[in-house]
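[1] A structural model of the following input is requested.
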Amino acid sequence: MVKEGDIQFHWQRTPVGENVFGTLKNDFGGDHDAFFTAFDSWRYGRERHILPMLDQIDWCGKRVLEIGLGQGSESEHIIKRGAIWSGIDLTQESVERVRTRLSLRQLDYEELKQASTLDIPFPDKRFDVVFSHGVLHHVPNIKLAQQEIRRVLKDDGRLIMMVYAKKSLNYQVAIKWIRRFGLALIYFLPIPVSGIYKKHKRLAQQAGLFNYLNMDNFVHRSTDGPDNPYSKVYDRAAIEADFPSFAIVKTEQKWMHAPPLPVHGLPGEHFLGWHLWAELKPRAKSL
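    The predicted model follows:
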């Protein structure tokens, strides 16, 4: 099993979005305000469903724990919608960025801590809502994580999360077939490559092409960059298996995303979208 320290090291070194958007230090000269403004415009311009999905949730006056903070984009919007917000992240880099963001935006919150979802530093039954966007699919020991989430969630609370969708165009077509076939061509043919493709080729040469393209490995390398140590894809059955302390209230797929296929904005996201949003409620007795 991948160690949590490997995951922490990766996201500390490569904060969310910086592998495709631009870096705070090199592209924005350390100007946090300009970076956050530009990042949010880019993020919500691509993933236009996120803010409408947040609007469907009753945040006002609710004590909320956000797990995995990234650049703090959703943190800011959840607080603005009236939540009594606390947040944790595995990396100190994210915690400091979010602390800076909320200070710049003059937004109040309860607590902000560097911590693992395997050992959440809050008392039992503290929160009305636990929210996590694009994070829990990066947790190898998810059975322990969901136990901790259940512990800090009130009996009538809700876990609202986004995880990568197994029954998606991105996974079933782009990742399984197109990207693996493309990498095989790059591997065998004298095609000049750079950037992310050059890194994929180098890692494939180190591991051996067939080992690298094995889906148990390639799913990690093809979701959040070739250095990403761990990712998992989910459908309802996988959620039920990995979150036994919870019952599914509802799920919804969003965001048609399957590079290199030009599918952004096309219909079909409810069946083939890459983002699987799920609302879960605690079972009467934790399993």
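
[2] Double-check that Trp85 belongs to a helix.
    No: per DSSP: H, G, I helix; E, B strand; the rest coil, Trp85 lies outside any helix segment and is strand.

[3] mind listing what it touches?
    Neighbouring residues of Trp85 by C-beta atoms under 8 Å, 6 or more residues apart in numbering: Val64, Glu66, Ser75, Ile78, Ile79, Tyr109, Glu110. All C-beta spots, glycine's among them, are computed from the backbone N, C-alpha and C.

[4] Just the buried ones out of these, please.
    Buried residues within the contacts of Trp85, counting neighbours by 16 or more other C-beta atoms under 10 Å: Val64, Glu66, Ser75, Ile78, Ile79, Tyr109.

[5] which strands and helices sit next to the top helix by length along the chain?
    In terms of residue count, the longest helix belonging to the chain (DSSP state H) is helix 32-46. Packing partners of helix 32-46 (3 or more C-beta pairs under 8 Å, 6 or more residues apart in numbering; DSSP states H and E): helix 24-28, helix 50-55, helix 73-80, helix 92-104.

[6] What is the burial count for Pro190?
    5 (other C-beta atoms under 10 Å).

[7] follow-up on the earlier one: who wins for proximity to Ser86 among the helices and strands packed on helix 32-46?
    helix 73-80 (9.9 Å; C-beta to C-beta).

[8] Which of the contacts of Trp85 sits closest to Arg158?
    For those, the nearest to Arg158 is Val64 (10.0 Å; C-beta to C-beta).

[9] bridging residues for the closest one?
    Trp85, Val129 (DSSP bridges).

[10] contacting residues around it?
    Per C-beta under 8 Å, 6+ apart, neighbours of Val64: Ile78, Ala83, Ile84, Trp85, Ser86, Phe127, Asp128, Val129, Val130, Phe131.

[11] for Thr14, same thing?
    Neighbours of Thr14 in contact, by C-beta under 8 Å, 6+ apart: Gly225, Asp227.

[12] now Ala284
    Asp155.

[13] ok, now Arg97?
    Arg97 touches Pro15, Leu24, His32, Leu69, Gln71, Gly72, counting by C-beta under 8 Å, 6+ apart.

[14] again, only using 10 Å
    Applying C-beta atoms under 10 Å, 6 or more residues apart in numbering, we find Arg97 in contact with Pro15, Val16, Leu24, His32, Phe35, Phe36, Leu69, Gly70, Gln71, Gly72, Asp89, Thr91.

[15] can you redo the residues you listed as TSV with pLDDT, neighbour count and distance to His200?
    Formatted as TSV, the contacts of Arg97 follow (pLDDT from 0 to 100; neighbours: other C-beta atoms under 10 Å; distance: C-beta to C-beta, whole Å):
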residue	pLDDT	neighbour count	distance to His200
Pro15	94	18	21
Val16	93	25	20
Leu24	95	21	25
His32	97	16	32
Phe35	97	23	27
Phe36	97	22	30
Leu69	98	27	28
Gly70	97	22	24
Gln71	97	23	25
Gly72	98	28	30
Asp89	98	29	27
Thr91	98	22	24
